[in-house]
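In: coords please:
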Amino acid sequence: MPPDVEQAEAAIVEHYPRLVRLAYLVLPPALGRNRRVLTAHSLTQRALPRGRRGADSGVKGGVPAQRDGVDGGESGYAYVRLRVLRTALEAGVPLTFRARPLRGQLPPVLPQVWGLRLFPRSGGAEELALDQWLATLSGPGRAACVLRALERLPEPEVLRVLTEAGVADPAVAIAESGDPAHDALFASPEFDPCVLQARPTDLLRRRRLLRAGLAAGAALAVCGALLALPGGGWGADGAAAPLYARNAAAEQALDPGKLTRVAPAVWRTSSRTDFSAWPARGDRADDTELLRRALAVWARPGASVVVSVTPGTPSGPPMGPPQLLFAGTVDQAVVVLLYDGLRVVRYAEPLAGTEVAALDFARTDGASADTATALVLSRVDGNVRYLTAPWVTGAALRDLLRPGDSPAALKLTPHGVTPPVASPAPGGSCTSWNALALTGDGATRLVTDLGELTPARLTSGAPGAERDVTEAAELGEWSRTACLLPSVRSHGVRTVNAWTYAKQPLPERDGTATWLCTRAETWQGTADRVQAQFLAPGAPLAAQAAKAEGSPACGPREPRVLAGVLWKSRAGQWYVLAAGSAQFTSLSVSGGGVSGAAPGNRLAVKAPAGAQVDLTGKLTDGSKAGVLR
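Out: Numbers count the residues shown, from 1 in each chain. Presented below is the predicted three-dimensional model:
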């Protein structure tokens, strides 16, 4: 029986780089590397099964089961892997007019990339020889290689998966797959379609097509206007100005001479300690032509401008002259940072040429000295440079997964720019997670890059008593939860707070488990994300037990939280484990062949494997509350 859509979605998100690599290697090399990359991403994203969320998927007090392994317990991953493999094999079947096209034979609808060719990084001679050899194999042969080399499946399991994928003769495919001596090369960056290089397409041909399209659009607009005009002409537009009229306020917002520039020492006496107190810095802060281009692109981004916007951030032009924060050369680009009281805007153009540019918007209203400590200046080859606040006197790099290691000191430039530091990987294996410790204004604040212009501040402590992460115990908590941060990446996160809300002695004297709650608050304030996590004794990382979006739980407005898991003891007995915060006076569980209750905020009841139960609790005021969702 296929898993429900939530399980399949979780499997795709968790194993996305692995599934895309599998599809890329199975797809026929004749497609070319650019189309193989896009098709591999498309097939993986389309592996989500049709249908609505399952009623038993853990939404109503459900408790997720403990996972034992990828191919055993994670049926969701095995299911989506089969769907990806099947459609990748279909892509190698030649199209004919006599048969209806299969899904994998159709060009990818999403993702689409315009104006760029994407391909993985080039490897060495061995990777090139392997790629040429794979091109000589059939689709089933490549599939057998990938299942053996990447998925590390034994031959009987490879036979079963190929049969389920529709391969007519799996034994021949396995025989064709060759010697496993070079299987380690399949993990090379040469075959990783998630770490890509970009090159432009045919620029002259694209320019000719653009000109032809503009001419056709102009002709169509003229014809439409002539057809729409009645005898007396169009009606008046009231108080609206004519098209392309000159507006004094709009012109001032685009005048680099009107930019607000704050003196370097204003932050020491200002009543506000946020981005409005940042001085203008950078080696090109007086480059009028650069600032004019940045303001013009902000107001009217053209077709060659790549625009990114954090959730809940308006992307319109400035309402008046903005404040200049930075203008200077950073790595291989020229960067301008502007602030209008609501947003920070980053404009970037290459060192040579101004035909292309990037424009990033980030909402920053309500910032303070705690959340206005740094901004991202550039990202190059997985490394990040930050511009720090003027009150920051020291910076150090800390690996959250190694709380016992001392942070590595970073030397800031006179303009407050850090050296390039490795950014946390957006996906794949979580072997490290870098955070920046910024000292200044009487505190040391920990921030981390979540893929946006503003890094997120990390804190610890119960709701309403959050504090900076400095103590060994707080660093230890974050070492167990940092690998769950990708789930809140690129969501406009301002702060992330993690705290331990319960400790639970496990049945059969199997040790003591820890229950944690992580709340990611966003700049827009309406899409906060909450996770309850279960940390078993000896486990290196916490597991997600429950999650919610837009919920006040685990925060100052509603500091309570309740979650549960299915847990198996060392002796093999399954239990429903649950724990709530201090506001709970009793817990009860029912359904799925399980019934039980316990006083206090912790519960442990024997249960059959895979049981789906309802979990509720009674609060100190006598009211009832359910699990986090």
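In: just checking, what packs against the one helix or strand residue 159 maps to?
Out: Element membership of residue 159, judged by DSSP states H and E, is helix 155-164. If contacts are counted by 3 or more C-beta pairs under 8 Å, 6 or more residues apart in numbering; DSSP states H and E, helix 155-164 sits against helix 75-91, helix 139-149, helix 170-176. Using the backbone N, CA and C atoms, a C-beta is placed for each residue, glycine as well.
In: one more pass at 7 Å, please.
Out: Taking 3 or more C-beta pairs under 7 Å, 6 or more residues apart in numbering; DSSP states H and E as contact, the helices and strands that helix 155-164 lies on are helix 139-149, helix 170-176.
In: and the first one, average pLDDT?
Out: By that I understand helix 139-149. The predicted model assigns helix 139-149 a mean pLDDT of 86.
In: equivalent analysis for stretch 367-378, please.
Out: If you average the per-residue pLDDT over stretch 367-378, you get 95.
In: gap between the two ends of it?
Out: From the first residue to the last, stretch 367-378 extends over 21 Å; the measure is C-alpha to C-alpha, to the nearest Å.
In: swap in stretch 322-337?
Out: Its start and end residues considered, stretch 322-337 measures 10 Å (C-alpha to C-alpha).
In: tell me which residues are up against that stretch.
Out: 259-262, 275-276, 278, 280-285, 287, 290-291, 294, 338-340, 344, 346-351, 375, 377-378, 380, 385, 387, 415 (C-beta atoms under 7 Å, 6 or more residues apart in numbering).
In: can you tell me which of those residues are in helices?
Out: If you go by DSSP state H, the contacts of stretch 322-337 have 290, 291, 294 in helices.
In: tally of neighbours for the last one?
Out: The one in question is residue 294. Residue 294: 29 surrounding residues under other C-beta atoms under 10 Å.
In: contacts only, for it.
Out: Counting by C-beta under 7 Å, 6+ apart, residue 294 makes contact with 336, 338, 347.
In: from the ones in helices among the contacts of stretch 322-337, which is closest to residue 118?
Out: Checking those against residue 118 with C-beta to C-beta, the nearest one is residue 294 at 27.3 Å.
In: and the closest one, what's its pLDDT?
Out: As predicted, residue 294 sits at a pLDDT of 93.
In: same deal with residue 347?
Out: Residue 347 is assigned a pLDDT of 95 by the prediction.
In: roughly how far does it sit from residue 258?
Out: Here the criterion is C-beta to C-beta, to the nearest Å. By it, residue 347 lies 17 Å from residue 258.
In: the two: which is more packed in?
Out: Between residue 347 and residue 258, counting by other C-beta under 10 Å, residue 347 is the more crowded of the two (25 against 13).
In: how close does the more buried one get to residue 516?
Out: If you measure residue 347 against residue 516 using C-beta to C-beta, the figure is 40 Å.
In: then residue 280?
Out: As defined by C-beta to C-beta, residue 280 lies at a distance of 42 Å from residue 516.
In: for residue 294, same thing?
Out: Separation of residue 294 from residue 516 (C-beta to C-beta): 43 Å.
In: can you check residue 329 too?
Out: Taking C-beta to C-beta as the measure, residue 329 falls 43 Å from residue 516.
In: and if you look at residue 567?
Out: Taking C-beta to C-beta as the measure, residue 567 and residue 516 are separated by 16 Å.
In: residue 291 too?
Out: As defined by C-beta to C-beta, residue 291 lies at a distance of 46 Å from residue 516.
In: same check, this time on residue 440
Out: As defined by C-beta to C-beta, residue 440 lies at a distance of 29 Å from residue 516.
In: more neighbours, those two?
Out: The residue with more neighbours, out of residue 440 and residue 516, is residue 516; 24 against 17, by other C-beta under 10 Å.
In: next, the most centrally placed residue in the chain: phi, psi?
Out: Using C-alpha atoms, centre = their mean, the residue of the chain that lies closest to the mean C-alpha position is residue 489, 3.6 Å off. With angles defined as degrees, to the nearest 10, residue 489 shows backbone torsions of phi -70, psi 140.
In: thought it was touching residue 451?
Out: Yes - under the contact definition of C-beta atoms under 7 Å, residue 489 touches residue 451, with a separation of 4.9 Å.
In: show me where pLDDT drops low in the stretch 251-400 of the chain?
Out: Counting by pLDDT under 70, the stretch 251-400 of the chain has no low-confidence residues at all.
In: same question but for the chain, I mixed them up
Out: Within the chain, the ranges that satisfy pLDDT under 70 run 1-2, 51-74, 94-110, 119, 202-203, 206, 224-247, 425-428.
In: so in it, which helix runs the longest?
Out: Of all the elements of type helix in the chain, the one with the most residues (DSSP H) is helix 203-228.
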